[in-house]
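> compute the structure for the input listed below.
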Amino acid sequence: MFESLDPMPPDAILGLMQLYREDPREEKIDLGVGVYKDASGATPVLRAVKAAEARLQQQEETKAYIGPAGEERYNEQIQRLVLGAGLSQALTERAVCVQTPGGCGALRVGAELLRRGPEVPTVHVPDPTWANHVPLLGDAGLEIQPYPYLDRETSGLRFDAMAGYLEKLGPRDVVLLHGCCHNPCGVDLDRAQWQAVLELAQDRGFLPFVDLAYQGFGEGLEEDAHGVRLLAESLPELVVATSCSKNFGLYRERTGAILLLSGSAGDAATTRSQVLNVIRGIYSMPPAHGGAVVDTILADPVLRVDWEEQLAEMRDRINGLRARLVACFAQRGDSGRFAFIAQQRGMFSFLGISPGQVAALRSEHGIYMVDSSRINVAGVNEENIDAFCAAVIATL
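Reported below is the predicted structural model:
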């Protein structure tokens, strides 16, 4: 049976990781892998996470399964984190929140749920979007269509074109939206644009599906949830996939959740039963450790304050690096081509250079990024920023 299978091409980012590891140059720079890095180039375990893990190690008495929905208190904590305490309480009868293996698990569970409806919807994703959105949603049997988003000439948002596209959609359509810190381009909707998307959803009847993978990495925990909360307080239905990989640094623990709003308490009960059935048929139940860590932090006032403080440090470092990059490019004669970097949010930006120039940076300077020229801003630090900017200007 297996001899009839065709080999698949290697994943671009995983292949880049391997090339970077094999490069013997000491001055090499990794801007490809999408994880947060501190000033020393490490991806740290957060202080609050270490404290919570130590506490759990002392208190944990069983390794029994936690059930398909995960731990209920974790789900309640995540719902409040995403929606805010007041809105979470107001919508509690219509809301379903269940733990998943990371944001990827949430996206796939959402896709499988949408596939079960009477009509299979089309999912419209921004151009560009995170590369894994397409297989996570499309492999569930959903049709994927791109909608206008990034203006590659200005590195800004094509919102008029986006709105014009959404105006043509209807109740059989699902629109994927990045809640904040767009991956891969760093260009987010502003508050007026979120309001316009809400009005379009109300008028046309399409279902928003928000990927909130970076809450707290853009402007703040509350600010980054503005779009989700605006939609949640006004629409009858909403799907949100959220992740603890970035804001809690729990990448390898695969900790996330899917949050669904239905039009009534009865519909929510039905939705919950369907979601749990989907989960049972895919991975049966989520891993417990990461959710227990997050729950411990969010339930403890001291740990929560420490977590929020370190999250703010991470966010401020990224935003500071964006401003520093613009200044560094300017010092080397850039006429403003890269000024957009300071206006974007989150870990990612496109440099807007060609695949050939990306290859030249890799071969001649040991600078690694994906062919699209997406860089992980957090991979820059005080030791490599000058060399990076000089290499980019020289290559151009």
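> CA atoms for contacts and neighbours, from now on please.
Fine.
> what stretches of the chain score poorly on pLDDT?
Applying pLDDT under 70 to the chain flags no residue at all.
> can you give me the strands for it?
Using DSSP state E, the strands of the chain run over 29-30, 95-101, 122-127, 143-148, 150-151, 156-157, 173-178, 207-212, 238-243, 255-261, 348-350, 367-368, 374-376.
> same list (those) but as TSV, adding distance to Arg73 and mean neighbour count.
Formatted as TSV, these follow (distance: least, Cα to Cα, whole Å; neighbours: other Cα atoms under 10 Å):
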stretch	distance to Arg73	mean neighbour count
strand 29-30	38	22
strand 95-101	10	27
strand 122-127	31	20
strand 143-148	34	17
strand 150-151	38	18
strand 156-157	38	18
strand 173-178	26	22
strand 207-212	20	24
strand 238-243	16	27
strand 255-261	12	27
strand 348-350	32	24
strand 367-368	41	23
strand 374-376	34	24
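> a markdown table please, covering the ones you listed and showing distance to Glu60.
As requested, the strands of the chain are exported to a markdown table (distance: least, Cα to Cα, whole Å):
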| stretch | distance to Glu60 |
| --- | --- |
| strand 29-30 | 38 |
| strand 95-101 | 19 |
| strand 122-127 | 41 |
| strand 143-148 | 43 |
| strand 150-151 | 47 |
| strand 156-157 | 48 |
| strand 173-178 | 36 |
| strand 207-212 | 30 |
| strand 238-243 | 24 |
| strand 255-261 | 18 |
| strand 348-350 | 38 |
| strand 367-368 | 42 |
| strand 374-376 | 37 |
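> what's the spacing between stretch 91-104 and its chain's center?
16 Å (Cα atoms, centre = their mean, to the nearest Å).
> now do that stretch: everything it contacts.
Applying Cα atoms under 8 Å, 6 or more residues apart in numbering, the contact partners of stretch 91-104 are 69-72, 74-76, 78-79, 106, 136, 211, 213, 241-245, 253-265, 267-268, 271-272, 285-287, 291.
> which of those residues are buried?
Among these, those classed as buried by 16 or more other Cα atoms under 10 Å are 69-71, 74-76, 78-79, 106, 136, 211, 213, 241-245, 253-262, 265, 268, 271-272, 285-287, 291.
> quick check: Pro24 vs Ser363, distance?
Going from Pro24 to Ser363 by Cα to Cα, to the nearest Å gives 12 Å.
> which residues are in contact with both of those two?
With Cα under 8 Å, 6+ apart, Pro24 and Ser363 have no common neighbours.
> so which residue is smack in the middle of the protein?
Ala213 (2.8 Å; Cα atoms, centre = their mean).
> mind listing what that one touches?
By Cα under 8 Å, 6+ apart, the residues touching Ala213 are Gly103, Gly179, Cys180, Ala241, Thr242, Ser243, Cys244, Ser245, Lys246.
> now the residues you listed in a markdown table, with distance to Ser349?
Shown next, in a markdown table, are those (distance: Cα to Cα, whole Å):
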| residue | distance to Ser349 |
| --- | --- |
| Gly103 | 21 |
| Gly179 | 16 |
| Cys180 | 13 |
| Ala241 | 22 |
| Thr242 | 21 |
| Ser243 | 20 |
| Cys244 | 21 |
| Ser245 | 19 |
| Lys246 | 17 |
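> and the residues you listed, which is closest to Gly218?
Within these, proximity to Gly218 (Cα to Cα) peaks at Cys180, which comes in at 6.6 Å.
> distance of the closest one from Asn247?
12 Å.
> okay, and the common contacts of those two?
Residues touching both Cys180 and Asn247 (Cα under 8 Å, 6+ apart) are Tyr214, Gln215.
> those two: who's more crowded?
More crowded of Cys180 and Asn247, by other Cα atoms under 10 Å: Cys180, with 29 against 23.
> ok, so of the contacts of Ala213, who is nearest Ile29?
Nearest to Ile29 among these is Lys246, at 21.0 Å by Cα to Cα.
> hmm, Tyr214 and that closest one touching each other?
Yes - counting by Cα atoms under 8 Å, Lys246 does reach Tyr214; the two are 6.2 Å apart.
> compare these two (neighbour count), which wins?
Between Lys246 and Tyr214, counting by other Cα under 10 Å, Tyr214 is the more crowded of the two (26 against 17).
> next one: His133 from Pro101, what distance?
Per Cα to Cα, His133 is found 15 Å from Pro101.
> contacts only, for Asp224.
Applying Cα under 8 Å, 6+ apart, we find Asp224 in contact with Gly179, Cys180, Gln215, Gly216, Phe217, Gly218.
> would you turn these into JSON lines with distance to Arg345?
Converted to JSON lines, the contacts of Asp224 look like this (distance: Cα to Cα, whole Å):
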{"residue": "Gly179", "distance to Arg345": "12"}
{"residue": "Cys180", "distance to Arg345": "8"}
{"residue": "Gln215", "distance to Arg345": "11"}
{"residue": "Gly216", "distance to Arg345": "11"}
{"residue": "Phe217", "distance to Arg345": "8"}
{"residue": "Gly218", "distance to Arg345": "5"}
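> who wins for most neighbours among those?
Comparing these by number of neighbours (other Cα under 10 Å), Cys180 comes first, having 29 neighbours.
> surely that one touches Leu221?
No - using Cα under 8 Å, Cys180 is not in contact with Leu221, being 10.4 Å away.
> of the strands of the chain, which is nearest Gln357?
strand 367-368 (10.9 Å).
> so what touches that closest one?
With contacts defined as Cα under 8 Å, 6+ apart, strand 367-368 is touched by Leu16, Tyr20, Lys28, Ile29, Asp30, Leu31, Gly32, Val358, Leu361, Arg362, Phe388.
> for Thr122, state which of those is nearest.
Gly32 (30.5 Å).
> what about the nearest residue to the closest one once chain neighbours are set aside, how many neighbours?
Closest residue to Gly32 apart from its sequence neighbours, by Cα to Cα, 6 or more residues apart in numbering: Met369 at 4.2 Å. Residues within reach of Met369, counting by other Cα under 10 Å, total 26.
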